[in-house]
Each structure stands twice: as C-alpha cells, then as structure tokens.
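Peer 1: Requesting a structural model of the entry that follows:
(chains A and B)
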Amino acid sequence: MEKLIRSGSNTMKRDLLLFIGFSVLIMVAPQLFAGGYLMNVLVFVGINTMLAIALNLLLGYAGQISLGHAGFFGLGAYISGILTTTFSLNPWLAMPIAALAVGCLAGVIGFPILKLKGHYLAMASLGLGIIMYIVFNETVELTGGPSGLSGIPNMKLAGVSFDSDVKNYYLIWGFTLAVMLFSINLANSRVGRALRAVHDSEVAAQVLGVNARLLKVQIFALSAIISSLAGSLYAHTMTFISPASFGFNFSIELLTMVVIGGLGSIYGSFLGAALLTLLPEILRGANDYDIIIYGGLLVLMVMYMPGGLVRGIPDLFKKIFKPKGGADHA
Amino acid sequence: MQFDQILQYTLSGLSTGAIYALIGIGFSIIYNATGIINFAQGEFVMLGGLLTLSCLELLALPLWAAVPCAIAVSTVVGILFERLAIRPLKQPTPINLVIITIGGSILIRGLAMLVWGKDTHAIPAFSGDVPISVGGATILPQHLWILAITLVTICINKIYFYHTISGKAMRACSYNRRAAGLVGIDVRRMVLFSFIISSAMGAVAGIIVAPLTMTAYDVGVMLGLKGFCAAIIGGMSSGLSTVIGGLLLGVLESLGAGLISSGYKDAIAFIILLLILFIRPQGLFGKADSERV
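Peer 2: Numbers count the residues shown, from 1 in each chain, chains lettered A, B, ... in the order given. Predicted coordinates for the structure are as follows:
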C-alpha cells in the first residue's frame, strides 16, 4: 500500500532514467556486435520482447492468462502480408489496419472469454489460438495454407528500404522501445494501479470503483494489438510467413519468456525474450533438446523462482552475500 | 447423402468419442480432488501407447502382459509428476498450476521424443484387422475393443467411487476438502490417488486407440485437449455426463469431418469448447454453479 502511495514522481523519474539508459544500450549494441548473424538474432529478440510485453501486460499486470497469443501475432502477420501482397497496399497502411482489426476481434471475444477464470480461461484462450492456427492452415486461397505466404515487401521509409539486418534492427527496436515506454507509463498510471488491484482481488477492485470487466477486456485488446504490430513487423522483416510460426508451441514459448523474465516486469519480459531467443542459438547442436529445456525451465522457475529472473537473481545475491543467522526481516 | 455413410461416420465417431470420454474422466477426477486442470493429462495417453509398443517389441511380451505393464509405468510417471511438481509447489495459484502442468507436459513429451524419436509408430490391432459389417457400414474389431474396454473401465471407476472406502473418501474431498480433512481423510493421499487413477485411465485410452490412429511422442497434445473438451461438455463430472460429452464430441467431429470439411475437423472440438464455456460453463447437463466460471 505504501508503495502505491509513494509511486509518484520519484518512481517515474527513476523509471525514465532506467529506460533512457536501456535505450542507449540498445542503440549502440549494433556497433558492439557488428557480426552479421547475431544482428539477425537480435532482430528476433526485439520482436519477441514486444510479444512478451504484450502477454505480460495481460498476465503479469491484470493476472489473466492467455495461451493463444501466437494466434494474434499470426493474425497481424497474415493481415499485413495479405494486404501488401494480394492487394498491394503500403505496409505502413497495412500495419494499422491489421492492428485495428485484431484489436476489434480481441475486444469482441474479450467479453465472453474474460468472464472465465484461471484454468478455464487458459483452456479457452488455448482453444482460440488453435482455431486461428487451423484457419491459417485451411484458408489456402488467402494464406497459402501450410506452404506459407511469400513475397511480402520490406517496409520503406523516406526512400530507405528496411532490407538488411541492421536496418531492421533499428526499425524493430524503435517500435519495441516505444512499446516498452508506453507499457512502463501504463504500469505507473491510474490504469496500472487499477490492473494490479484487479490482479489481487477482482471483487475488492470493483468495490473501489474499478470497472474490472471492462478493464480486463481493454487490456486484452491492447495486448492483442501489440501482438498484431509485432506480427506485421515480423511479416515485413521475414518477407515470408507460414502457420508453423504461429502455433500452440509458440504461445507456450511466449508464456515461458514472461514467466522466466518475471511476471509484471517490463525489463523481465526483455530478459526472458532475450534468453529464450538466444538459447536455441547457443544450443545449436542440441536442436531437439530445446523442448525439454523449455519444459524444465518452466517447472523449475515456478517452483524455485516464482518471481522470475528480475526478482530471483537479486534475491539469490542477497542470500549468498548476506551473513547467515542474523535477524533478517526480508 | 446416404444413410450408411452417416452410420459409418457415427460408428467411428463413437469409438473416438469413447477415447475422449476416458481422457475427460481423467481430467475430471484430478480436478474434483484438487481443483487442478492437469495440462499433462494427454501425455499419459501418449505414454500408454508408446510404452505398449516398447513392451511388445523390445521386451517381446505378449499383448496381455504388455498392456498392464504400460499402464503401470505410466502410473508411476503420474505419481512422480504429482510428487515432484505438484506437491512441492509453494504458491499453488491457478496460474502457477497451469504453468507447472504445462511445463511438466512439455518435459514428459520431450523425454518421450528422446526415447522413441519423432517417428510415428504402429501397434498391431488386438484381434486382427478383418472388418465387420454393421448395417451397411464397416467397423474394425479394434472399434469394438475400444467400446468394450471403455465400458469396463467406467464400470470399475463407478464401483471404486461408490463402493469402496477410498473411493468414497475421494468423493468427500471433491465436495469439500477441508471438511474431508476434518473427518480424518488424508486429503494429500487422495490427491495422489487421483493422479494414479487418471494417469492409469489416460494410459488405457492411449493403448486402445494406438492400433487405430498410430502413435507418436506428440499425440498427447490434441487427444488431451479433446478429452478436456469432453469433460467441459460433461460439466467436469467423473461419471456419465462426461462419457456422453465424449461420445457427442466424437460423433460431431466425425460427422463434421465427413460432411463438411476434414481440414476443420480439429476446429470443431474447440468451437464446441468455446461455446460451452461461454454459454453453459456448468456443462451441458449441469446445474448452474458459479464456481466453475
């Protein structure tokens, strides 16, 4: 409670400084790792960070689980892809159209689906994700079916085409940083506090005048819109998309990122996304084992570090460096 | 559209539906005893099939010995899962439980992939492949095995829950865990029992369906979800309504695949799942119960 009251200008200033530091780091990173392949991986870290933040707003802040977010990601990618190829629309126009469409869809589905709680919400969102995945596969005339949709144009800005890894890096991280800043502000705002209230007790929040039901739907739609933006960016960066990238497994991967990084932490989402995107690159030889590692990580994190890496690592340091046996009121 | 075609789809739908029913009852038993939806339920189905394969081929056991062997090993996995992942959980919030059972299911699936590889495996039918004709439609002997074994399993289940002390204790837990604890029922043991029963039932389902549909390390995902759908239709009951839910789902799916489009076959189950959750979260036959929502 005290924390809530104090969360005024001080927290804001600290958060802003932290964000500026982080942005500078991201912007100079290409100079440090000029290697071609790593840049490509860092582009994906950006996209996954955006997606993880989207899910985290829903799961970490509002306390509502979704196992179907890969579907919204795919929907954004496919709407952008189809509009720019079949209908030769400008990508800058296709992206907001996709986001708007996905936002509306999530808003409409949000009302019945967010009435459900806990396990039921998990299963319903999972079903929704699988239905979207089946639609991507089956509407062959539109999406190209399982063999995918190719020839999606790169984005262009003032005559510059984003066709290399370095250019895409700046494009995607530009968007990702904007999403991060927005989410940090959202978390510190009245809405953010209302969300946390809904997370702790929906009834209590409602008694205090928070329209919990509407708020949950709004955050669900927002989360879907961010996922859709990430999908559009993904489509224009890759220039090729296929349903395999938007299946149930990817929803689980997103969940793993959020849980490993830390529920309710924006930088945690970055940490989780970075770790899970880099991990398969590090374990290149162990191609088939990554599924076991995801599963193992999920189980171990929930059991031993329920706060995720952002809270777990500082706690670990405290445990190691603090003398034992003292009266420690932590 | 001919009558025998519809009969054909209905008959094959009934046998898949029986499988969904068995898996769905597994879901319900754990849910009723613990309040957990076990996302790893489908993995026991996968284990049942693949372990039978190993018993038949590697250990060269006859079928009548391979089946109990596979069920026993799957049950041990179920016990380990409960002991190592569910029981030690410090903050058993619904979201943590969802995440940990998903993590567990991925882990089991991954280990199965290491052991059996990514290939699809066939298991011989229990008693040959000579089709039997039933009023214009044909069914395989395996279809009959599925229906018969499902029936027997459900009967055993019923007897256990209504005519044995531990079964009655388990039912008490599902009504009110705290009250059950107060009258001296060891609730944690009942939780363990619920995992034992449902992993065994999942394994049975996996074994009897494997000769029809083949089996692989990743069959558990879809079968598990369909089983859950059956349980939702049945209002998470561990009795007749889930059986009807499973049969209904199997028949609708089979008719939909045959008459509308086979590509959307899997979507049918999930559309039904969403509709039931939105409109009648208490199940098709249940009375309104706000706690399910």
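
Peer 1: Contact partners for residue B:49?
Peer 2: By C-beta atoms under 8 Å, 6 or more residues apart in numbering or on different chains, the residues touching residue B:49 are B:70, B:121, B:123, B:206, B:207, B:209, B:210, B:215, B:219. (C-beta placed from N, C-alpha, C; glycine too.)

Peer 1: So what's the predicted local confidence for the nearest residue to the third one once chain neighbours are set aside?
Peer 2: Take residue B:123 and drop its neighbours on the chain: the residue closest to it by C-beta to C-beta, 6 or more residues apart in numbering or on different chains is residue B:210, 4.3 Å away. The pLDDT attached to residue B:210 in the predicted structure is 91.

Peer 1: OK, contacts around residue B:210?
Peer 2: B:48, B:49, B:52, B:53, B:123.

Peer 1: Check residue A:191 too.
Peer 2: Residues in contact with residue A:191 (C-beta under 8 Å, 6+ apart) are residue A:215.

Peer 1: So for the helix or strand encompassing it, what gets flagged as buried?
Peer 2: Using DSSP states H and E, residue A:191 sits in helix A:190-200. In terms of neighbour count (16 or more other C-beta atoms under 10 Å in any protein chain shown), helix A:190-200 has its buried residues at A:191, A:192, A:193, A:194, A:195, A:196, A:197, A:198, A:199.

Peer 1: Can you pull out the low-pLDDT segments for the stretch 1-150 of chain B?
Peer 2: B:1 (pLDDT under 70).

Peer 1: So which bits of it are right by chain A?
Peer 2: B:31, B:36-37, B:39, B:85, B:88-91, B:94-100, B:102-111, B:113-114, B:118 (C-beta under 8 Å from any C-beta of the partner chain).

Peer 1: ok, of those residues, which come out buried?
Peer 2: B:31, B:36-37, B:39, B:85, B:89, B:94-100, B:102-111, B:113.

Peer 1: which one of the contacts of residue B:49 has the most neighbours?
Peer 2: Comparing these by number of neighbours (other C-beta atoms under 10 Å in any protein chain shown), residue B:206 comes first, having 31 neighbours.

Peer 1: Tell me the spatial nearest neighbour of that one, not counting adjacent residues.
Peer 2: residue B:48 (3.0 Å).

Peer 1: tell me the phi and psi of the one you found?
Peer 2: With angles defined as degrees, to the nearest 10, residue B:48 sits at phi -60, psi -50.

Peer 1: and if you look at residue A:144?
Peer 2: Dihedral angles for residue A:144 - degrees, to the nearest 10 - are phi 80, psi 0.

Peer 1: ok, now how distant is it from residue A:157?
Peer 2: Residue A:144 is 27 Å from residue A:157, where distance means C-beta to C-beta, to the nearest Å.

Peer 1: The two: who's more crowded?
Peer 2: Counted by other C-beta under 10 Å, residue A:144 and residue A:157 do not tie: residue A:144 has more neighbours, with 22 against 11.

Peer 1: Break down the stretch 151-293 of chain B into its helices, ranges please.
Peer 2: For the stretch 151-293 of chain B, the helices defined by DSSP state H, counting those that start in this stretch occupy B:165-175, B:177-182, B:187-213, B:219-233, B:240-259, B:265-279.

Peer 1: Reduced to three states, what does residue B:133 come out as?
Peer 2: strand (DSSP: H, G, I helix; E, B strand; the rest coil).

Peer 1: What about the residue nearest to residue B:206, how many residues nearby?
Peer 2: The number of residues packed near residue B:48 is 30, by other C-beta under 10 Å.

Peer 1: Could you do residue B:239 as well?
Peer 2: Residue B:239, neighbours per other C-beta under 10 Å, totals 15.

Peer 1: go on, the one 3 residues further on?
Peer 2: Look at residue B:242: counted by other C-beta under 10 Å, it has 31 neighbours.

Peer 1: Leaving out sequence neighbours, find the closest residue to it.
Peer 2: residue B:234 (3.2 Å).

Peer 1: go on, residue B:65?
Peer 2: Once flanking residues are discounted, residue B:65 sits nearest to residue B:55: 7.3 Å by C-beta to C-beta, 6+ apart.

Peer 1: Likewise for residue B:227?
Peer 2: residue B:23 (2.6 Å).

Peer 1: next one: residue B:47
Peer 2: Nearest residue to residue B:47, sequence neighbours excluded (C-beta to C-beta, 6+ apart): residue B:74, at 4.4 Å.

Peer 1: element containing the one you found?
Peer 2: Secondary structure from DSSP H and E places residue B:74 in helix B:63-81.

Peer 1: starting at the chain centroid, how far to the lengthiest helix in chain A?
Peer 2: Of all the segments assigned as helix in chain A under DSSP state H, the longest by residue count is helix A:212-238. Put simply, helix A:212-238 sits 9 Å off its chain's centre (C-alpha atoms, centre = their mean, to the nearest Å).

Peer 1: any idea which helix or strand carries the closest residue to residue A:245 other than its chain neighbours?
Peer 2: Of all residues not flanking residue A:245 in the chain, residue A:74 sits nearest, at 7.1 Å (C-beta to C-beta, 6+ apart). Element membership of residue A:74 [criterion: DSSP H and E] is helix A:69-85.

Peer 1: could you point out which element follows that helix?
Peer 2: helix A:91-113.

Peer 1: so does that next one get close to chain B?
Peer 2: Yes - against chain B, helix A:91-113 shows contacts by C-beta under 8 Å from any C-beta at A:112, A:113.

Peer 1: Spell out whether stretch A:46-56 and chain B are in contact.
Peer 2: No - judged by C-beta under 8 Å from any C-beta, stretch A:46-56 and chain B are separated, with a smallest distance of 12.1 Å.

Peer 1: Helices of the stretch 151-300 of chain A, residue ranges please.
Peer 2: A:165-188, A:190-200, A:202-207, A:212-238, A:248-261, A:266-282, A:290-304.

Peer 1: Which other helices and strands does the longest helix of chain A contact?
Peer 2: Judged by 3 or more C-beta pairs under 8 Å, 6 or more residues apart in numbering or on different chains; DSSP states H and E, the packing partners of helix A:212-238 are helix A:36-56, helix A:69-85, helix A:91-113, helix A:165-188, helix A:190-200, helix A:202-207.

Peer 1: residues of that helix that come out buried?
Peer 2: Neighbour-count burial for helix A:212-238 flags A:212, A:215-238 (criterion: 16+ other C-beta under 10 Å).

Peer 1: number of nearby residues for residue 79?
Peer 2: No chain specified, so I'll use chain A. 22.

Peer 1: switch to chain B, that's the one I care about
Peer 2: Neighbours of residue B:79 (other C-beta under 10 Å): 15.

Peer 1: Could I get the contacting residues of it?
Peer 2: With C-beta under 8 Å, 6+ apart, residue B:79 has these contacts: B:192, B:195, B:196, B:199.
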